[in-house]
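Enquirer: All I have is the shape, not the residue letters:
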């Protein structure tokens, strides 16, 4: 949830039951024990997974201000799970694995039309920018 708690401070917002090691639910920043959340209906609008739309009952993965089942947090291109992995987000809030983000969003070389990607093991790509566009270093001839 983006916060740290003492064991004694991590309690249900309704009944004050300690929740360390127990199932719990969060809605609008408040924490509820399983009984108060499910049985008593203490909160009318439970959080749902931003990907599948189903109720978040157990583990919750939060990214970019949204909540997901860990298994639902996936790259929009290859559908690989991104739980615990580095990821990138585009301007439309779509989530990508780093590899697919580079393939989809990288500038394309004017000569060969391939994306200009970082070399393996690097996070930066090298390109030549000319009035006519972007080039791989090896594709740039220098002719105007």
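Expert: The structure has been received and is ready for your questions. Predicted, not measured: the structure shown is a model, and the values here were computed from it.

Enquirer: residues touching residue 127, list them.
Expert: Taking C-beta atoms under 8 Å, 6 or more residues apart in numbering, we find residue 127 in contact with 107, 109, 116, 134-137. The C-beta positions use only the backbone N, C-alpha and C, and glycine is treated the same way.

Enquirer: Now residue 79: phi and psi?
Expert: Per-residue torsions, residue 79: phi 70, psi 10 (degrees, to the nearest 10).

Enquirer: Flag the shaky bits of the protein, pLDDT-wise.
Expert: 1-2, 39-46, 142-144 (pLDDT under 70).

Enquirer: Next SSE downstream of the helix ranked longest in the chain?
Expert: If you go by DSSP state H, the chain has its longest helix at helix 98-105. Going down the chain from helix 98-105, the next helix or strand is strand 128-130, by DSSP states H and E.

Enquirer: Next, give phi and psi for the residue positioned nearest the centre of the chain.
Expert: Here the mean C-alpha position of the chain is nearest to the C-alpha of residue 63 (C-alpha atoms, centre = their mean), at a distance of 4.5 Å. Per-residue torsions, residue 63: phi -150, psi 140 (degrees, to the nearest 10).
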